[in-house]
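S.K.: What would the 3D arrangement of this be:
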Amino acid sequence: MPGDVLLLSNSRPPGGAVPFAHAREVLAGHLGDRTVWFVPYALADHDAYFAWVAEALGVDLRPLHREPDPAATAATAEAVFVGGGNTFRLLHDVRRLGILDALRSNDASRYTGSSAGTNLAQPAIHTTNDMPIVDPGGLDALARVPFHVNPHYLDPDPASTHQGETREERIHEFHEMNPGPVVGLREGAWLHRTGDTLALGGNTARLFRRGEEPVELAAGTDLSWLISS
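M.R.: Modelled structure (predicted):
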């Protein structure tokens, strides 16, 4: 059976500065006492990023980027944590280094993603919010879940003077070209797949399906149908 998956919208709690303070309990249960390899490629300064997350998590976290052969380590890792940053840079580097294929082959590993790391767990990175600062050589990702997620989902603000597309409009544009459901994860929310069960935790979310009105999801909602349909 594929390894369990935890997908966080963000690393900092809403209104807080302490990384992952909002998700300590679910992270502890998900990671347990496993050795966790941190994948830092979404940010430019890998060492600083690793140190920041290692101090915050308090688990046996190890830096994948310091391994002589990161792909070989990823291929046998019992758990990986893929951090946030720019999704295009992340996908570019894990593809270039062979880590993407290694993680695909090691789908029994326990996967944790935050923001860009959550995007990497999807079939493709179509619903990221990030600028394409580098060509990642294709948009296909890990497909650790069979649906799409929009981390950092923001509701339309009627008082805003911004004239560009809202997140909701961008997701509707996605559905003009693609059929799959999209979960808009608000800050502080996460999706946790354990075996054949998928649940929303931490905060509310918004579910978008092609040709249908968006649906509000309460924290605790059982979304197992998203991985079984």
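
S.K.: tell me the contacts of residue 99?
M.R.: Contacts for residue 99 (C-beta atoms under 8 Å, 6 or more residues apart in numbering) come out as 39, 41, 64, 70-71, 74, 93. Using the backbone N, CA and C atoms, a C-beta is placed for each residue, glycine as well.

S.K.: neighbour-wise, which of those leads?
M.R.: residue 39 (30 neighbours; other C-beta atoms under 10 Å).

S.K.: What's the per-residue pLDDT of that one here?
M.R.: Looking at residue 39, its pLDDT stands at 98.

S.K.: Settle this for me: it is touching residue 117, isn't it.
M.R.: Yes. Counting by C-beta atoms under 8 Å, residue 39 does reach residue 117; the two are 7.0 Å apart.

S.K.: Quick check: neighbours shared by those two?
M.R.: By C-beta under 8 Å, 6+ apart, residue 39 and residue 117 have these common neighbours: 81-83, 90.

S.K.: The residues you listed in strands, which ones?
M.R.: 81-82 (DSSP state E).

S.K.: Determine which two of the shared contacts of residue 39 and residue 117 are furthest apart.
M.R.: 81 and 90 (12.6 Å; C-beta to C-beta).

S.K.: Tell me which of these two has more neighbours.
M.R.: Neighbour count, other C-beta under 10 Å: between residue 81 and residue 90, residue 90 has more, with 32 against 28.
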